[in-house]
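Asks: give me a 3D structure for the following:
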Amino acid sequence: MTTTDTRNVQATVDQVKKCADAGADIVRITVQGRKEAEACMKIREQLFKDRYDVPLVADIHFQPAVAMMVAEAFEKIRINPGNFADGRKTFEEINYDDPAQFAAERDHIEEVFTPLVLKCKELGRAMRIGTNHGSLSARILSFYGDTPRGMVESAFEFADICRKHDYHNFVFSMKASNPLVMVQAYRLLAEEMYQKGWDYPLHLGVTEAGEGEDGRMKSAIGIGALLMDGLGDTIRVSLTEDPEYEIDPCKRLAALGETACTEGWGVPAFKETTRDTHTFSRRVGALPVQKEGDEFDFRPLLHRDGTVFSAVSLSDLQQPEQLYRKLGAKLVVGMPFKDIATSDSMFMRHLPAVDDIEGRRALKRLQEVGVHVLTPAAELAAKPLAGAVAVLSLKDALAAGGKVPAGAARLAITLDGSESDEQLAAISSVDAVVALIDIPDGVSRIHASRRIFDAIKRAGSDIPVLHHIRFPAGAARDEIVIKTGSWVGGLLVDGLGDGAMIEVEGEDLDFLRTTSFGLLQGSRMRNTKTEYVSCPSCGRTLFDLQEVTEQIRQKTGHLPGVAIAVMGCIVNGPGEMADADFGYVGGAPGKIDLYVGKEVVQRGVPMEQATDALVQLIKDHGRWVDLPEPEEAEMVAA
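Replies: Model (predicted):
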């Protein structure tokens with residue numbers, strides 16, 4: 001989607017070209033008024049003159065008359081059911097004691113919307129009925145609540161009008177900044193379409209995903225989860241970056257979905273009972289307990305909100321203090337202490353030699369602060385390490401009677417999806433503290449894992465389950481983020497899994513750790529940093545989103561558990577405030593409105609003062625903590 005002022009024809013044409021050259025198949029342009037609509041014809045004409053025939057989509061909010069104008073120029077119109085007929089966002093509660101009153105108000109929608117339907121049908125234009133979680137109408141909110149069901153029903157009201165006039169050239173979208181809500185809404189939409197006998201295309205996207213790795217991770221979780229189930233026809237990754245940078249993650253996601261389809265990734269059919277498209281619930285494994293005689297405290301082996309394991313090599317162990325830092329530990333005179341985003345435990349394929357005093361001292365220091373060591377049982381037998389957790393496959397663990405191997409403090413098991421139903425049914429007989437799912441290449445991780453979770457449920461086991469995903473040495477970081485988000489995040493957003501471990505030989509441990517924590521936060525599990533909901537910018541934006549978002553991040557990035565929305569305009573801004581604790585929204589040129597939740601508390605704050613005003617607002621509501629200086633951090637840890 002372009003970020004230029006649509007009235008600036010040449011700038012918009014240039015940006016469309018950049019996007020097309022980068023590989024975009026469709027480009028969306030915001031059209032907020034008549035002047036912008038008039039510019040659209042010139043934009044289309046200039047692109048044709050320059051031999052660019054990329055289809056253009058007009059993004060319409062609030063303005064049915066403008067939609068009618070721009071349909072003359074562009075190939076597709078995106079309308080938002082939340083504000084096309086109902087106007088600007090409000091949170092007014094409407095009491096519908098009589099459902100007939102709610103139904104009767106559809107007549108107004110039909111009156112406003114029908115002319116556009118007829119025009120698009122006449123001109124052969126396409127349409128996207130694009131519901132957004134942040135801009136549901138007061139009418140829908142009052143009747144259905146702020147729910148995926150409300151999103152679906154809002155879109156269906158407009159689809160019914162299209163169908164009434166035998167117009168079928170439309171697609172659906174169900175976007176939200178929360179990947180869980182987004183995935184639930186699309187799955188519910190697909191289910192309802194199957195029941196109705198409909199088969200309209202789906203456009204996928206996580207709106208206001210943010211920037212950098214976090215934005216790509218949230219997008220991969222939402223979009224990838226659906227693509228792996230064969231849902232989705234077009235996609236957009238919404239980043240708070242220049243629009244051409246959205247194309248690479250889009251291509252990666254599209255390739256992932258296409259490969260899964262063409263290669264027929266899947267597993268033999270099984271009856272699935274662990275997921276419900278109508279109600280979200282998270283499976284929670286039992287945390288480790290302390291046993292009499294334990295040398296170390298094993299309760300921190302896993303974390304109640306989501307666990308991160310780090311795969312550590314012998315070369316990593318050669319520089320202990322650097323290893324501690326890369327695991328996210330605080331250091332006090334060279335000694336590690338767990339912090340908010342420290343890896344909970346670590347996995348080592350190879351242990352240091354028995355006579356490696358320095359390496360073993362480093363491991364013991366980590367074990368003493370609750371960062372435990374998992375290693376293959378054969379490796380542990382060859383190089384004994386006090387307090388280590390032995391790792392066996394489920395098949396080998398069953399063959400050994402399900403007991404903790406001699407010399408090990410605990411047992412962990414691995415699952416690769418090849419286990420028989422009988423073996424999975426016997427999982428409760430194994431005395432293991434955690435299971436690691438490690439699905440081989442060429443098999444659908446999502447579907448193989450669902451089969452495992454169903455079997456574990458039938459067995460009555462509450463064993464915690466972590467997703468172990470491996471990549472070859474040299475794998476591109478964007479590839480790691482996109483595939484991890486799609487394959488592991490696609491399971492976590494269904495409530496399946498207690499954490500993750502990403503293993504890439506030669507890759508920086510710190511990157512893999514922060515990516516893992518980003519995965520958990522994007523899946524709405526464990527918060528270890530400030531959550532940002534920031535829109536990708538468009539022609540409506542009233543300030544430089546990238547610059548302002550970075551300013552806010554610099555001042556507030558150390559507030560785990562706090563969610564801040566940064567919105568360029570009012571289209572989705574007030575609605576998305578409901579998914580954030582605090583909001584920074586462009587209200588007018590040079591003026592910012594500040595929100596607490598979905599309530600505006602300060603209007604028209606001069607932009608040069610707005611970031612400081614936001615910080616003060618966070619302080620006033622008791623959510624602020626000062627960022628310690630490095631030496632202060634060491635004292636706190638001590």
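Asks: look up how far residue 274 lies from the closest residue to residue 307 other than its chain neighbours.
Replies: Nearest residue to residue 307, sequence neighbours excluded (C-beta to C-beta, 6 or more residues apart in numbering): residue 499, at 3.1 Å. The way it works is simple: take the backbone N, C-alpha and C, and place the C-beta from them, glycine included. Residue 499 is 17 Å from residue 274, where distance means C-beta to C-beta, to the nearest Å.
Asks: looking at the two, which one has more neighbours?
Replies: residue 499 (28 against 18; other C-beta atoms under 10 Å).
Asks: contacts only, for the more buried one.
Replies: Residue 499 makes contact with 302-303, 306-309, 344, 464, 466-467, 516, 520, 525 under the criterion C-beta atoms under 8 Å, 6 or more residues apart in numbering.
Asks: so what's it bridging to?
Replies: Beta-bridge pairing of residue 499 under DSSP bridges involves residue 307, residue 466.
Asks: for the stretch 151-300 of the chain, what spans make up the strands?
Replies: 170-175, 203-204, 234-235 (DSSP state E, counting those that start in this stretch).
Asks: as TSV, those strands with mean neighbour count and mean pLDDT would be great.
Replies: Formatted as TSV, the strands of the stretch 151-300 of the chain follow (neighbours: other C-beta atoms under 10 Å; pLDDT from 0 to 100):
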stretch	mean neighbour count	mean pLDDT
strand 170-175	24	96
strand 203-204	24	97
strand 234-235	20	96
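Asks: and the ones you listed as TSV, adding distance to residue 430?
Replies: Output for those, formatted as TSV (distance: least, C-beta to C-beta, whole Å):
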stretch	distance to residue 430
strand 170-175	41
strand 203-204	39
strand 234-235	41
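Asks: returning to that earlier point: which pair of the contacts of residue 499 spans the longest distance?
Replies: Spatial extent of the contacts of residue 499 (C-beta to C-beta) is set by the pair 464 and 516 at 15.5 Å.
Asks: of those two, who's got more company?
Replies: Neighbour totals were compared for residue 464 and residue 516, and residue 516 leads with 28 against 24 (other C-beta under 10 Å).
Asks: what's the helix or strand for the more buried one?
Replies: helix 509-522 (DSSP states H and E).
Asks: how about residues contacting whichever helix or strand comes after that helix?
Replies: Downstream of helix 509-522, the first helix or strand assigned by DSSP H and E is strand 531-534. By C-beta under 8 Å, 6+ apart, the residues outside strand 531-534 that reach it are 177, 208, 210-211, 214, 240, 521, 545, 549, 552-553, 562-567, 576, 579-580.
Asks: helices - which of these land there?
Replies: 214, 521, 545, 549, 552, 553, 576 (DSSP state H).
Asks: select, from those, the two members most distant in space.
Replies: The span of the ones in helices among the contacts of strand 531-534, defined through C-beta to C-beta, is set by 521 and 545 at 21.1 Å.
Asks: so which bits of stretch 403-411 are buried?
Replies: Of all the residues in stretch 403-411, those buried under the rule 16 or more other C-beta atoms under 10 Å are 404, 405, 408, 409, 410, 411.
Asks: and those residues as JSON lines, adding secondary structure and pLDDT?
Replies: Putting the buried residues of stretch 403-411 into JSON lines (DSSP: H, G, I helix; E, B strand; the rest coil; pLDDT from 0 to 100) gives the following:
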{"residue": "404", "secondary structure": "coil", "pLDDT": "95"}
{"residue": "405", "secondary structure": "coil", "pLDDT": "96"}
{"residue": "408", "secondary structure": "coil", "pLDDT": "96"}
{"residue": "409", "secondary structure": "coil", "pLDDT": "97"}
{"residue": "410", "secondary structure": "strand", "pLDDT": "97"}
{"residue": "411", "secondary structure": "strand", "pLDDT": "98"}
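Asks: which stretches of the stretch 151-300 of the chain form helices?
Replies: Along the stretch 151-300 of the chain, counting by DSSP state H, counting those that start in this stretch, helices occupy 179-196, 212-219, 225-227, 247-262.
Asks: could those helices go into a markdown table alongside mean pLDDT?
Replies: Shown next, in a markdown table, are these (pLDDT from 0 to 100):
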| stretch | mean pLDDT |
| --- | --- |
| helix 179-196 | 95 |
| helix 212-219 | 88 |
| helix 225-227 | 96 |
| helix 247-262 | 93 |
